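Asks: Just to be clear, the model below is a prediction. Sequence and coordinates:
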Number of protein chains: 2
Amino acid sequence: MENPVLAEVTRGGTVESRHRGAAIVVDADGGTVLSLGDVERPVFPRSAVKALQALPLFESGAADRYGLSEPEIALAVASHSGEPAHAETSLAMLKKAGRDAGCLECGAHWPMNEAAARAMAKAGQEPSALNNNCSGKHAGFVCLACGLDEDPAGYVKAAHAVQKAVRGALEEVTGAAHSTDLMGTDGCSIPTYAVPLSALARGFARFGSGQGLGPARAAAAARIRKAVAAHPFMVAGTGRFDTRAMELLRARLFIKTGAEGVYCGALPELGLGIALKCDDGAGRAAEVVMAALIARFLPMSDAEAAGFAPMRESVLKNWNGIEVGRVQAAQA
Amino acid sequence: MENPVLAEVTRGGTVESRHRGAAIVVDADGGTVLSLGDVERPVFPRSAVKALQALPLFESGAADRYGLSEPEIALAVASHSGEPAHAETSLAMLKKAGRDAGCLECGAHWPMNEAAARAMAKAGQEPSALNNNCSGKHAGFVCLACGLDEDPAGYVKAAHAVQKAVRGALEEVTGAAHSTDLMGTDGCSIPTYAVPLSALARGFARFGSGQGLGPARAAAAARIRKAVAAHPFMVAGTGRFDTRAMELLRARLFIKTGAEGVYCGALPELGLGIALKCDDGAGRAAEVVMAALIARFLPMSDAEAAGFAPMRESVLKNWNGIEVGRVQAAQA
């Protein structure tokens, strides 16, 4: 069985490109609310599970030991755009643990935000690991290592106490074995494990509702959700879908994009978890499919619906600013 | 019938993403040599047909009237990276027709080449239409308009003499009607018409061999092929697949990438034309599929094969320079 077309790209009145994929929405009891395509094929969740990867930072007591603020907590689960506030907040987290940017093992890249990258280039600056979209997650890993009284060096390796704790949390929350046979290396050098979308959705239903988690883990999840709802800019950045959607819907929504067309999220008040992947890895498609699922399941006030409507499709403009096409969800 | 998987993206030992699509190789008599997927569904060829769109520039006599050089001819069929030599050559073409960059209607964007873009930002410069990847094609359109003694203003519009000539050439070479029902607006504001891959491949078999074209058109095609073979840098840019492949294989190969996962090309000595599109619009997949088709059909010397081997797959490295995956053709 092939996965269905989840999103279409039109140009003029013609469909130019098509994105296939799979998506699932489950409740916290594990009941399937919606399922499209093969949701049991293992997929690498990539950055879509950063919120789950951050749970040990709280359960270990490290977040309290270093007094992490709400913006810092939001940044710890971010794929941020490398804007100045993101880089500064990463550094602040590291300093709280008595460390600096030299500890980061994620590698450096130019800010994803174009204006921020141009401004750095114009000022004759080079990007550092603080501009890496994962620097907040990595600063959190350094805090976790220090909180565990472990040397942070090598914290990206599967055998380090940090990644063991992260893998343990992922396995427990998703209920899926994280096998080294299905292990890959992520863009920021930490291990990523392929698991079924059904398990990811279950994990996010639990993360969003607390149901099925122990009290400490449920409290950690609630703290992360609260921080992100208060600081959606920190989890992504200027103009990004995650930021815009959560600035509108706040604690009613938790979503997180991942590389290669993955998206995970939770609708906490409904106890629903969502996971999807576009087969081809296209983020542009994953975004409109997530938007369609949110619109389908989350009751919105008129004001919310009006604010959310423009997020449901991407208008493609050419270099003269003329609208030439759209990216739209095909179903759901 | 769904299109087959043409390329796979692996991470560790696991397939992370899959790209479906269709591809066809035909000979100049119209015989099908290889066909994968639905090659009769209309697709927007986008920039993959720039070489066909340039034919009227020669047939009209404009290229001779303005004494266009070989690098300029190569640039007229380019999706270039906006590097300094590209921008300078575009401007030189315009000056030969007594015009300047103010005539260009393609819009401005930052150079696709990252280093060139950073250097411009560092120098406090803003990009102009000369940096637009289509500026050479547009400079050619301006030369064509002037050569036809037409006002270039509005040369991007379907009703302008330039676009009428371009559409006529496309229809005759591909043998496919270019219907306004299947017209879209390209990134650089000119019309693009959806036609079957089978027609595009036929057009490129003719373009590569001259077979089935009149003498003037066959001469124009030969002149374009010769210019690109001599100046592959002009048609793309530093590190780009089109440039690297044609620097290696020169006149044995003509290929041209287009947006949204389209690739067209010709193997002139074999009289073969090639056209493919990845359903999802992914250029990373289109490139490795084109490489696989070239390797399958074009006999290579040991030296050529050794040079071409690294172009057959894309190695994905993370921000620490670690190899984390590959993009590879799945068949062909």
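Replies: Looks like it came in fine. Numbers count the residues shown, from 1 in each chain, chains lettered A, B, ... in the order given.
Asks: Now look at the one helix or strand in chain A whose mean pLDDT sits lowest and say if it contacts chain B.
Replies: Among the helical and strand segments of chain A, the one scoring lowest on mean pLDDT, DSSP states H and E is strand A:313-317, with a mean of 93. No. If you take CB under 8 Å from any CB of the partner chain as the test, strand A:313-317 misses chain B, and the best it gets is 8.9 Å. C-betas here are computed from N, CA, C, even on glycine.
Asks: Contacts made by the helix or strand following that strand with the rest, please.
Replies: Proceeding N to C from strand A:313-317, the next assigned helix or strand is strand A:323-329, under DSSP states H and E. Contact partners of strand A:323-329, identified using CB atoms under 8 Å, 6 or more residues apart in numbering or on different chains, comprise A:6-12, A:16, A:284-285, A:287-289, A:291-292, A:312-318, B:184-187.
Asks: before we move on, what about stretch A:228-245?
Replies: By CB under 8 Å, 6+ apart, the surrounding residues in contact with stretch A:228-245 are A:51, A:70-71, A:73-75, A:77-83, A:85-86, A:89, A:112-113, A:115, A:136, A:246-247, A:250-251, A:253-257, A:287, A:290-291, A:294, A:308, A:311.
Asks: pLDDT below threshold where in the stretch 201-332 of chain A?
Replies: Applying pLDDT under 70 to the stretch 201-332 of chain A flags residues A:331-332.
Asks: Backbone dihedrals for whatever residue of it ends up closest to chain B, please?
Replies: Per CB to the nearest CB, the residue of the stretch 201-332 of chain A with the smallest distance to chain B is A:Trp319, at 2.8 Å. With angles defined as degrees, to the nearest 10, A:Trp319 sits at phi -70, psi -10.
Asks: Spatially central residue in chain A, please.
Replies: Taking CA atoms, centre = their mean as the criterion, A:Lys256 is the residue nearest the geometric centre of chain A, at 2.8 Å.
Asks: re earlier: tabulate the CA atom coordinates of the least confident helix or strand of chain A in PDB.
Replies: Output of strand A:313-317 as PDB, limited to C-alpha atoms (Å, rounded to 0.1, in the frame of the first residue of the first chain):
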ATOM      1  CA  GLU A 313      -1.700  27.200   3.100                       C
ATOM      2  CA  SER A 314       1.600  28.600   1.800                       C
ATOM      3  CA  VAL A 315       1.300  31.200  -1.000                       C
ATOM      4  CA  LEU A 316       4.200  30.900  -3.400                       C
ATOM      5  CA  LYS A 317       5.400  34.200  -4.700                       C
END
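Asks: What strands line up against it, and which way round?
Replies: With DSSP bridges as the test, strand A:313-317 is paired with strand A:323-329 (antiparallel).
Asks: For the partner strand, list the C-alpha coordinates in CSV.
Replies: Coordinates of each C-alpha in strand A:323-329 appear next as CSV, following Å, rounded to 0.1, in the frame of the first residue of the first chain:
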residue,chain,number,x,y,z
GLU,A,323,1.6,34.9,-6.5
VAL,A,324,2.4,32.0,-8.8
GLY,A,325,1.1,29.0,-6.7
ARG,A,326,0.1,27.5,-3.4
VAL,A,327,1.0,24.6,-1.1
GLN,A,328,-2.2,23.1,0.3
ALA,A,329,-3.2,20.0,2.2
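Asks: That one: how far from the chain's middle?
Replies: Relative to the chain's own centre, strand A:323-329 is displaced by 24 Å; criterion: CA atoms, centre = their mean, to the nearest Å.
Asks: Any buried residues in the least confident helix or strand of chain A, and which?
Replies: For strand A:313-317, the neighbour count (16 or more other CB atoms under 10 Å in any protein chain shown) marks A:313-314, A:316 as buried.
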